[in-house]
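K.L.:
What shape does this take:
(one chain, ligands or ions: 2)
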Amino acid sequence: MTFGERAYLPGLAKGLSITLGHIFKKTATTRYPEEKRPFSPVFRGLHILNRDEEGAERCTACGLCALACPAEAITMEAAERKPGEEKLYREEKYAAKYEINMLRCIFCGFCEDACPKDAIYLTETVMPANYNRQSFIYKKEDLLIPNPKNTDSK
Ligand code: SF4
Ligand code: SF4
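P.N.:
Numbers count the residues shown, from 1 in each chain. Ligands and ions are numbered 1, 2, ... in the order given. Predicted coordinates for the structure are as follows:
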């Protein structure tokens, strides 16, 4: 070995040239959460329960979404609409309780595909982190979009 090789000079020069080469390249780091990367067009995030044009809940608690769910993440309880509640619920049956366990959900979108009422959609919203398991059980109140006809309640 020459003196230069024994002093690691070629290795140092090679390492520095690699470093200098990367300094002027476009950075691959995303400064999350200030910066967000664009998602794939097929990304599926948190669910919403939709309403019709009049603001009535679309879901009729038919259970098809729960049946289609491979992760058994959806549970619901059906109830019957009472006279005078036509503006709240689109059809005679509605979901008195509707829950999705997001820790089970694999965001496959089968529930959306199975719904005959266009009631459930997966949005581009990323599920936020949380501190306890209970917070990942999204209830109907969390999923249902606000009623555009009535801003102070359902
Ligand atoms: S996205 Fe898939 S796993 Fe999640 S609730 Fe819907 S059907 Fe179940
Ligand atoms: S979200 Fe759709 S499929 Fe699921 S219970 Fe409601 S109407 Fe049926």
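
K.L.:
Which parts of the chain are strands?
P.N.:
47-49, 74-80, 93-101, 120-122, 137-138 (DSSP state E).

K.L.:
quick one: which of these is nearest T29?
P.N.:
strand 120-122 (28.6 Å; C-beta to C-beta). For every residue, glycine as well, the C-beta is placed using N, CA and C.

K.L.:
Can that closest one be said to contact ligand 2?
P.N.:
Yes - residues of strand 120-122 contacting ligand 2 under C-beta under 6 Å from any ligand atom: I120.

K.L.:
Name the strands paired with that strand and say parallel or antiparallel.
P.N.:
Sheet pairing for strand 120-122, assigned by DSSP bridges, gives strand 47-49 (antiparallel).

K.L.:
remind me which residues of the chain are low pLDDT?
P.N.:
150-154 (pLDDT under 70).

K.L.:
what bridges to the closest residue to R81 other than its chain neighbours?
P.N.:
Excluding the flanking residues, the one nearest R81 by C-beta to C-beta, 6 or more residues apart in numbering is Y89, at 4.7 Å. Counting by DSSP bridges, Y89 is bridged to E57.

K.L.:
does Y89 really touch E54, like I thought?
P.N.:
No - in this structure, Y89 is not within contact of E54 by C-beta atoms under 8 Å, at 10.8 Å.

K.L.:
So which residues on this structure come close to ligand 1?
P.N.:
Residues of the chain lying near ligand 1 (C-beta under 6 Å from any ligand atom): 68-71, 73-74, 100, 105-111.

K.L.:
hmm, try it at 8 Å
P.N.:
44, 47, 65, 68-74, 100, 102, 104-112, 114, 120, 122 (C-beta under 8 Å from any ligand atom).

K.L.:
filter these to the buried ones?
P.N.:
44, 47, 65, 68-69, 73-74, 100, 102, 105, 107, 110-112, 114, 120, 122 (16 or more other C-beta atoms under 10 Å).

K.L.:
Helices along this protein, start to end?
P.N.:
3-6, 9-23, 64-68, 110-114, 140-143 (DSSP state H).

K.L.:
Adding distance to ligand 2, write those helices out as JSON lines.
P.N.:
Listed next are the helices of the chain as JSON lines, based on distance: least, C-beta to the nearest ligand atom, whole Å:
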{"stretch": "helix 3-6", "distance to ligand 2": "71"}
{"stretch": "helix 9-23", "distance to ligand 2": "50"}
{"stretch": "helix 64-68", "distance to ligand 2": "3"}
{"stretch": "helix 110-114", "distance to ligand 2": "6"}
{"stretch": "helix 140-143", "distance to ligand 2": "9"}
